[in-house]
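Student: Need the 3D shape of this:
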Amino acid sequence: MSRFLTAALYKFVRLPDFRELQAPLLDCCNRHQVKGTLLLAEEGINGTIAGLPDDIEAVLAWLRSDPRLAELEHKSSWAESPPFQRMKVKLKREIVTLGVEGVSPTNMAGEYVKPQDWNTLISAPDVVVVDCRNDYEVAIGTFDGAVDPHTRSFSELPAWVEKESAPGGLLADKPRVAMFCTGGIRCEKSTAFMRMQGFEAVYHLEGGILKYLETIPEADSSWQGECFVFDDRVSVGHALVPGGLGRCLACGYPLTAEEQASEHYEDGVSCPHCCDSTEERKAELRERRRQQALAAEQKRADDKAAHSKP
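Tutor: Okay, the predicted model is just below:
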C-alpha cells in the first residue's frame, strides 16, 4: 500500500502580505516533515507537497485557517516513496508566469467545464482545443484533436495567441476556445488572458488533466498517452496510476525506455534532448552526480550506525 500522500494545490487570491507568510508556512511544513515546493505571490499560492497523510492534512488545515484560503482545494494522489527530497517556500512575482500585466484570474477567467462534460465540448466542430502546456509535456500525451502551440514555457503562449489571431490564423475569427493544462492553474490565467484579447466564449477544464484522469474511466476517455507531472513519478495515466517514463536529471525532459537506452543517455548528465550541451557543462553534471552519490552513501552509513546503537 502506498504510504505517501501528494497534494497539488493552488488558489488565485489576493495576498498582499505574502512575504510574511513564507517563514511560518515553511516552519509548519518542516514540523510535519512535509516535502515539496510552494510558491507565494501577491496573486495567490501554488505548489505540490507530499508526506504522511496526517501531516499533509495538518499543513492543509494550517493554510485553510487563513480566511482567504478557507476554500483552498487540492488534488490527492499516492506514492510508494517520497516524491520530493526537500521543502521550499518561494516568493514570486506570479504563481504561474505568463508575463503579461493586468491578467486577473480572480474575476476574468473563462468558464469552468467539469470533466464529465469535457468530451462533449472538445468534440464540437466550432471549438478550438488548446493544450496550454510546454512542448515536452504535450509530447507524451494530450487530448484527441488538441492544438499544440509548441511553447517551451507558459510565458510564450501570448505570442502564439497573437500570431494565430492574425488574418488567416487559427484564432483569427475569435472562435470558441477550450483550454486545458495539468492541474488547472495555467488555464485559469490563460483564459483570463484570452478574454482580455476579446475572446468571449472561452472554457477551461475544471481540475485540469489530473482531475479528468481521476474521474473519467479509460474506456470513455478522450485522453491519449500519459500526463507529465512535476515530481518523481514523472507521469501518470488513467486513475492517476504512475506511468512508465523516466526523466533526464540534466534537462528535465521525460524519457521513454528507448531514450534511456540511447547512446546519448548518461544518467544525470545528458539525454537525446540535451546531448549537444558543452563538454564543460557535462563535466559539471558528472561532478554533481558524483557528489550526490557520495552524500547518499554517507546518509546510508549514518542511518545504519544510528540503527545499530543499543
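
Student: Share the number of residues neighbouring residue 78, please.
Tutor: Other residues lying near residue 78 total 17 when counted by other CB atoms under 10 Å. (C-beta placed from N, C-alpha, C; glycine too.)

Student: for it, helix, strand, or coil?
Tutor: Classification of residue 78 using DSSP: H, G, I helix; E, B strand; the rest coil returns strand.

Student: Residues in a beta bridge with it, which ones?
Tutor: Residues in a beta bridge with residue 78, per DSSP bridges, are residue 5.

Student: Quick check: it vs residue 51, distance?
Tutor: 12 Å (CB to CB, to the nearest Å).

Student: Repeat that for residue 287.
Tutor: Using CB to CB, residue 287 is found at 31 Å from residue 51.

Student: Compare these two and say which is more crowded by neighbours.
Tutor: residue 51 (25 against 10).

Student: For residue 78 and residue 51, list the residues in contact with both.
Tutor: Common contact partners of residue 78 and residue 51 (CB atoms under 8 Å, 6 or more residues apart in numbering): 4-5.

Student: okay, the host helix or strand of residue 159 in PDB with CA atoms only?
Tutor: Take DSSP states H and E as the rule and residue 159 turns out to sit in helix 157-165. Provided in PDB are the C-alpha atoms of helix 157-165 (Å, rounded to 0.1, in the frame of the first residue of the first chain):
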ATOM      1  CA  LEU A 157       1.700  31.400 -25.000                       C
ATOM      2  CA  PRO A 158       0.700  35.100 -25.500                       C
ATOM      3  CA  ALA A 159       3.000  35.400 -28.600                       C
ATOM      4  CA  TRP A 160       1.400  32.200 -30.000                       C
ATOM      5  CA  VAL A 161      -2.100  33.700 -29.500                       C
ATOM      6  CA  GLU A 162      -1.100  36.900 -31.100                       C
ATOM      7  CA  LYS A 163       0.300  35.000 -34.200                       C
ATOM      8  CA  GLU A 164      -2.800  32.800 -34.500                       C
ATOM      9  CA  SER A 165      -5.100  35.800 -34.100                       C
END
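
Student: what residues does the following helix or strand past that helix touch?
Tutor: Using DSSP H and E, the helix or strand that directly follows helix 157-165 along the chain is strand 176-180. Contacting residues not belonging to strand 176-180 are listed as 110, 113, 118, 121-122, 124, 126-132, 143, 146, 171, 187, 190-191, 194, 199, 201-205, 208-209, 212 [CB under 8 Å, 6+ apart].

Student: So which residues of the stretch 51-200 of the chain form strands?
Tutor: 74-79, 87-91, 111-113, 127-131, 141-143, 176-180 (DSSP state E, counting those that start in this stretch).

Student: Not counting sequence-adjacent ones, nearest residue to residue 246?
Tutor: Spatially, and ignoring its direct neighbours in sequence, residue 246 is nearest to residue 255 (4.5 Å; CB to CB, 6 or more residues apart in numbering).

Student: hang on, isn't that neighbour packed against residue 248?
Tutor: Yes. Counting by CB atoms under 8 Å, residue 255 touches residue 248, with 5.7 Å between them.

Student: Give the residues shared as contacts by these two.
Tutor: Joint contacts of residue 255 and residue 248 (CB under 8 Å, 6+ apart) are 265, 271.

Student: More neighbours: the two, which one.
Tutor: Between residue 255 and residue 248, counted using other CB under 10 Å, the more crowded position is residue 248 (23 against 20).
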